[in-house]
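# just coords:
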DNA sequence: TAAATTTTTTGACGAAAATCAAAACGGCCT
DNA sequence: AGGCCGTTTTGATTTTCGTCAAAAAATTTA
């Protein structure tokens, strides 16, 4: 499934606009643990995960590596604090598995915006999806104890448990790796 | 300052599009503790806070009232999980003070999207601002202890402390009111 | 395959915060 | 002023989780 097929599951894009996006994007492979984007840089690329999994993280004031988000098959990723606003990012993005990713540069996307207003609208829809997931994550974690946070992963993102190391998942949930390990032990 | 002036601080909207937005919006007053939107409804209105403060909250599975967000002067508010996607919301929205709010319906906004692609783009920019604040809030709270969360409010939203009751702020920060009160006592 | 590295688990302990309950405070009304 | 309401503070106790440290398991590398 290429990314146009995916887009068409939630947005009715015209053939002409689809053509435009395809012509501006390219598919490339990355081995695991490739750093796609680093903190401080302005992110110029929007990726679409065709295969593999990517995480999006930052280093907090105490030097901890904290995962904010995972993106696996059929997800768009970029440094959302940077890409659209053209300013330096707080985030790193790295592959966790060998990945096949479509990419598109900001410049190309911007010219597509101008030629196809529907692409502008599409990007709004994608941002809304991201925002909504972010809100859902928040309310799943805020005020919840560790075992309830773990349940969120089990119910909403069970695949992550198989594909991602516990340390990353723990920081994503806002708990320590040890606590996560213990919770997991006492109720499979 | 009306909302067009505010928009122009971050987005160069044309006079024609501005006219369109102004013609579609209306200003109204609400007394404090008005419920603007309730869980389960599809939200049809986008508000802009001219004066006053509004909170956006949900009731979690344990029946707790949890504030997700505050919007004060020069902010847009709607049920972001509902308004653009036309589906029932999980959120309530209520005024905390007497408010003057501009409002615009979804139908009017949608027809404006079609007539002015730049309004489409504007909505994307606004969503990005919301998303970015949401991300900032997350990283300010995740893995942080109560005193650090309190510091986030002091540094980023000091006005809230004066205008909003402690209980709402505590749930916004993901801590209990008692803990917040104690933190506050031991270091003014 | 063995050695080395990384990841996960386990244990003991202490710190932080939730909970329950009650008192103090402040504003508002008559 | 006095009484009533909602909000904030304080106290005592319990639970949860983080921290530090080390062992066990799994994965990678040579």
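Cool, the structure landed. Since this is a predicted model, take the numbers as computed values, not measurements.
# disregarding residues adjacent in the polypeptide, which is nearest to the residue most central in space within chain A?
Taking C-alpha atoms, centre = their mean, the centroid of chain A lies closest to residue A:71, which sits 3.7 Å from it. Nearest residue to residue A:71 in three dimensions, chain neighbours excluded: residue A:77, at 4.2 Å (C-beta to C-beta, 6 or more residues apart in numbering or on different chains). C-beta here means a position set from N, CA and C on the backbone, and glycine is covered the same way.
# just the pLDDT at the one you found, thanks.
The model reports residue A:77 with a pLDDT of 96.
# that one touches residue A:49, doesn't it?
Yes: the criterion here is C-beta atoms under 8 Å, and residue A:77 meets it with residue A:49 at 6.6 Å.
# what's the overlap in contacts for the two?
Shared contacts of residue A:77 and residue A:49, defined by C-beta atoms under 8 Å, 6 or more residues apart in numbering or on different chains, comprise residue A:71.
# burial of the one residue in chain A that gets nearest to DNA strand D, as a residue count?
Proximity of chain A to DNA strand D (C-beta to the nearest atom of the strand) peaks at residue A:145, 2.9 Å away. When neighbours are counted by other C-beta atoms under 10 Å in any protein chain shown, residue A:145 registers 10.
# any idea how far residue B:174 is from it?
Computed as C-beta to C-beta, to the nearest Å, the residue A:145 to residue B:174 distance reads 11 Å.
# what ranges does chain A have for its strands?
If DSSP state E is used as the criterion, the strands of chain A fall at A:26-30, A:35-37, A:45-51, A:54-59, A:65-71, A:76-77, A:92-95, A:99-105.
# where does chain A dip in pLDDT?
The model of chain A has pLDDT under 70 over residues A:1, A:187-188.
# which residues of chain A lie near chain B?
When proximity is defined as C-beta under 8 Å from any C-beta of the partner chain, chain A approaches chain B at A:58, A:60, A:64, A:66, A:68, A:80-81, A:84-85, A:90, A:113, A:117, A:120-121, A:123-125, A:127-128, A:130-132, A:134-135, A:137-139, A:141-143, A:171, A:174.
# any of these buried? List them.
A:58, A:60, A:66, A:68, A:80-81, A:84-85, A:90, A:113, A:117, A:120-121, A:123-125, A:127-128, A:130-132, A:134-135, A:137-139, A:141-143, A:171, A:174 (16 or more other C-beta atoms under 10 Å in any protein chain shown).
# which bits of chain A sit near DNA strand D?
Within reach of DNA strand D by C-beta under 7 Å from any atom of the strand, chain A has these residues: A:145, A:146, A:147, A:174, A:175, A:176, A:178, A:179.
# now do the contacts for the fifth one.
Meaning residue A:175. By C-beta under 8 Å, 6+ apart, the neighbours of residue A:175 are A:146, A:149.
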